[in-house]
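[1] Okay, here's the prediction I keep looking at, along with the sequence it came from:
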Amino acid sequence: MLLRQRVRLFKEAFPWARVFRAHLHLHEYEAKNLLKMAHVDVQPFVVVDASMDRVEAESIVKTLAAAYPNDALVVKAQVLAGGRGKGRFPESGLHGGVKVMVAKSVDIQKETYLAIVLDRRTRSPMLICSPIGGIDIEKVAAENPEAILAVPLDGADTPIPMELICRHLGLPEVDVEIHRQIAALIRIFFSSDALQVEINPLAMLTNGKVMAIDSKIEIDDAALFRQRGFSTASTQDKREAAASALALSFVNLSGTVGSLVNGAGLAMATMDLIKEFNGSAANFLDVGGSASASQVAGGLHIIASDPNVRAIFVNIFGGIMRCDTVASGLISAYRLLEQKGIVLPPTIVRLAGTRLEEATALIKDSGLPFLFTTDLSEGARLAVAAATRDTAAPAPSFRCTLTAQQIR
């Protein structure tokens, strides 16, 4: 009772800790609209999406083309991924409301990099600039660290050392346009509660103008109550949105082993163990310490909706959260999905702790094809073997077996 009271008091004191939130990443066209509002120069562009009929989409693009008859147009898919310029069109076409940005091409003379990020070391925003733009800044930092200039920012009114910045960018003198755009970038960062505002590249054009060619903006989800203009609807993964509605902590990954775990630490350890068996995690899903059976059922449904998932590993250590609650949720989720004609992939259930005997009886009496174990390492091995259809998955370099007695 005392432990439950402490947990309740912690949640009341720190409401942000209740639910993990993925940061809100804006699509490029959304970021550029924000830049335009702050008077940062961007390419003229239009946006079309797969929900439009062909006539409407063609009309929008032709209007842009007619305005710039002597210029080529650049087509960029609006997906939250880098390296889109190196991609190609999928043979299957676009699906599910995918948006495409069509922009006027420009003649670039020099590409630079400009961003504002939160620096964990100094615990302050940092203005980052580099004379090398158009490529991953991480690669620049690793191969040519002296090309990175970092300037700490105390607030929106921090004086900008333009002589230092322009000299670092390789410019012969202070550029008024760059000064104006840096000032605008700083205003955007602080006024929109951003965690990152990046322009890559910030290009010097052959006509003397300075223009933001590509942009990434990341907003702090915890500040969305102040930022009514932003919506997670178009930027959040559907499964992440469904998990958020259920107050579950979920991050979608690219592996084949789905996992449903209670506690972020145990969830990360579970992902490490899956990797140790040469598997790959399909998600991070923490149901928390006090989830209901309906939340567990919802979590399992979310994992099952991922077409890449070939096996599911349910790993629960029953402390405040009881094992029989988890078992009830798993059983109800399985039967609900069965009614909808959805067949769960092989599901390995590892339970230990409070009400384990009751949970074991519930799973056994249900007659459902869950593979049950109380050994964490064995559960992870079975999940990877099921996902790879390999019954001889390698043993890990260490063994991880936890019991209630060992945890005390």
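    Thanks, I have it. Every value quoted in this text rests on a predicted model; they were computed, and no experiment measured them. Numbering: from 1, shown residues only.
[2] isn't residue 34 right up against residue 188?
    Yes: if you go by CB atoms under 8 Å, residue 34 and residue 188 touch, sitting 6.2 Å apart. Glycine gets a C-beta too; all of them are placed from N, C-alpha and C.
[3] Need the residues touching each of those two.
    Listed as contacting both residue 34 and residue 188 by CB atoms under 8 Å, 6 or more residues apart in numbering are residue 217.
[4] Low-confidence ranges, the stretch 51-200 of the chain, go.
    Confidence mapping of the stretch 51-200 of the chain against pLDDT under 70 gives the ranges 80-97.
[5] That one: helices as residue ranges?
    When assigned using DSSP state H, counting those that start in this stretch, the helices of the stretch 51-200 of the chain occupy the ranges 54-67, 137-143, 162-168, 176-191.
[6] How about residue 65, nearest residue that isn't a chain neighbour?
    Closest residue to residue 65 in three dimensions, ignoring its sequence neighbours and counting by CB to CB, 6 or more residues apart in numbering: residue 73, at 6.1 Å.
[7] count of residues packed around the one you found?
    Counted with other CB atoms under 10 Å, residues neighbouring residue 73 total 16.
[8] from what I can see it touches residue 106, true?
    No: the pair residue 73 / residue 106 is not scored as a contact, 11.2 Å apart, by CB under 8 Å.
[9] Report the buried residues of stretch 42-51.
    By 16 or more other CB atoms under 10 Å, the buried positions in stretch 42-51 come out as 42, 43, 45, 46, 47, 48.
[10] nope, stretch 29-37 is what I was after
    Applying 16+ other CB under 10 Å to stretch 29-37 flags 29, 30, 31, 32, 33, 34, 35 as buried.
[11] same thing with stretch 292-301?
    293, 295, 296, 297, 298, 299, 300, 301.
[12] CA-only coordinates of that stretch in PDB, if you can.
    The C-alpha coordinates for stretch 292-301 follow below in PDB (Å, rounded to 0.1, in the frame of the first residue of the first chain):
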ATOM      1  CA  SER A 292      -5.600  -2.300 -16.900                       C
ATOM      2  CA  ALA A 293      -6.600  -5.500 -18.800                       C
ATOM      3  CA  SER A 294      -8.100  -3.300 -21.600                       C
ATOM      4  CA  GLN A 295      -4.800  -1.400 -21.900                       C
ATOM      5  CA  VAL A 296      -2.900  -4.600 -22.300                       C
ATOM      6  CA  ALA A 297      -5.400  -5.800 -24.800                       C
ATOM      7  CA  GLY A 298      -5.000  -2.500 -26.700                       C
ATOM      8  CA  GLY A 299      -1.200  -2.800 -26.700                       C
ATOM      9  CA  LEU A 300      -1.300  -6.300 -28.100                       C
ATOM     10  CA  HIS A 301      -3.700  -5.100 -30.800                       C
END
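[13] chain center to it, what's the gap?
    Its chain's C-alpha centre and that of stretch 292-301 lie 22 Å apart, by CA atoms, centre = their mean, to the nearest Å.
[14] What lies in contact with that stretch?
    Contacts for stretch 292-301 (CB under 8 Å, 6+ apart): 242-243, 246-248, 250, 260, 285, 287-288, 291, 312, 314, 325-326, 328-330, 332-334, 336-337, 344.
[15] Buried subset of the residues you listed, written for ChimeraX?
    In ChimeraX, this line selects whichever of the contacts of stretch 292-301 come out buried by 16+ other CB under 10 Å:
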select :242,243,246,248,250,260,285,287,288,291,312,314,325,326,328,329,330,332,333,334,337,344
